[in-house]
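Colleague: what's the 3D shape of this:
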Amino acid sequence: MGIAMRRYDYCLCLTMLLMLSSPTAGATAYPDKPIRLVVPYPAGASNEIIGRALGNRLAEQFGRNVIIDTRPGGGGQIGAEIVARSAPDGYTLLLGTAGLIAISPHVYAKLPYAFSDFAAVSLFASVPYVMAVPAALPVKDVREMVALSRSKPGWFNYASSGNASAPHLCGEQLKLLTGADMTHVPYKGGAAAVADLITNQVQLYCGGIPTVRAQVQTGRLKIIATTTAQRSRLMPEQSTVAEQGISGFEVNSWMAILAPAKTPAAVIDRLYGEIAKAMQRREMQDFVLSQGAEPAALDPKTTAARFAEESARWGKVARAAMLRVD
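Modeller: The predicted structure is shown next:
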């Protein structure tokens, strides 16, 4: 009996040591302290507003504080670098966007982070874009707009919220697919771009619905297409660019939660499960829709695949337009 008991004690101790040394050990206790969600955009921006709402829901579900750490600057690169350099333990997360993850690596000569520095957790909101033109512009769809631009070489201008932004790449993708004759005019934000669109200083703006909604309602602007692959839940009556005969065209922005690379899979899965639970709540879905976005909850594998797909698309557009930002 003595030998048998010693052998049992040895096996029990060995089992406990293996459990403690396992990379998933303690995962069930996650989180046991506050989580920091780095939002690389200023307070009051739509990304920050939606990210804060998600953080509040997660705090309720986890029973731990989720601290929203706004780190604007550098086109989001400052915040992204903070997370890329953080410990891969699930306690520092990034609210990433299409611009940061899928566009910036193709247009910036130097970035303080790489795609491989992050692990995808969940794409939780998609932001559909629309093509808006001055109400007086004599076109009713995208094909007529392209034809107008080609009939007046050098005259047609399209606005964006800044160089290398999603609205900028939207125009470049349209030029690549249709041969539209358009000149890019960058602005410091969507509001400034829309102000000149109203007065026909520029003829096209591709951006989020909230940016143009008020001016469309007052009759100063009109929407000629949505830019998503399928019709938007926010504007189901409006046809897409692809439906109007320009196949392969797709533009939208999105928001996703990312963790530092090498974060344990068990932690990633726990985070995703709680994000999916939060996004299933009716009040959260209604809030996201009210902000001009569509709620989602893609799993880590699907989110990573979406990142790769978008990166390939924007890389092709950036190379064709020879876009480079130093």
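Colleague: how about I82, what does it touch?
Modeller: Listed by CB atoms under 8 Å, 6 or more residues apart in numbering, the contact partners of I82 are V38, R71, T92. Bear in mind the C-beta positions are built from the backbone N, C-alpha and C, glycine included.
Colleague: look up how far P260 lies from it.
Modeller: Separation of I82 from P260 (CB to CB, to the nearest Å): 10 Å.
Colleague: overlap in contacts, the two.
Modeller: Shared contacts of I82 and P260, defined by CB under 8 Å, 6+ apart, comprise T92.
Colleague: one step back: return the subset of the contacts of I82 lying in strands.
Modeller: The members of the contacts of I82 that map onto strands under DSSP state E are V38, T92.
Colleague: and which of the contacts of I82 is nearest to A125?
Modeller: Taking CB to CB as the measure, A125 lies nearest V38 of the contacts of I82, at 16.7 Å.
Colleague: max-length strand in the protein?
Modeller: Assignment by DSSP E gives strand 118-134 as the longest strand of the chain.
Colleague: tell me which strands that one pairs with, and in which orientation.
Modeller: Strand 118-134 has the following sheet partners, assigned by DSSP bridges: strand 204-208 (antiparallel), strand 221-226 (antiparallel), strand 252-260 (antiparallel), strand 294-295 (antiparallel).
Colleague: out of those, which gets nearest to A312?
Modeller: A312 lies closest to strand 252-260 among those, at 15.5 Å (CB to CB).
Colleague: what sits up against the next helix or strand after the closest one?
Modeller: Moving toward the C-terminus from strand 252-260, the next helix or strand (DSSP states H and E) is helix 265-279. Helix 265-279 is contacted from outside by 23-24, 27, 30, 54, 57-58, 61-62, 89-90, 93, 119, 121-122, 124, 257, 259, 284-285, 288, 295-297, 299-300, using CB under 8 Å, 6+ apart.
Colleague: for the helix or strand following helix 265-279, packing partners?
Modeller: Once the chain leaves helix 265-279, the next helix or strand it forms, by DSSP H and E, is helix 282-290. Counting contacts by 3 or more CB pairs under 8 Å, 6 or more residues apart in numbering; DSSP states H and E, helix 282-290 packs against helix 46-62, helix 265-279, strand 294-295.
Colleague: span of stretch 230-245 from start to end?
Modeller: 13 Å (CA to CA, to the nearest Å).
Colleague: now the longest strand of the chain: mean pLDDT?
Modeller: In this model, strand 118-134 carries a mean pLDDT of 97.
Colleague: how about stretch 283-292?
Modeller: The model assigns stretch 283-292 a mean pLDDT of 96.
Colleague: list the buried residues of that stretch.
Modeller: Within stretch 283-292, the residues scored as buried using 16 or more other CB atoms under 10 Å are M284, Q285, F287, V288, Q291, G292.
Colleague: what does stretch 186-202 give?
Modeller: Y187, G190, A193, V194, D196, L197, I198, V202.
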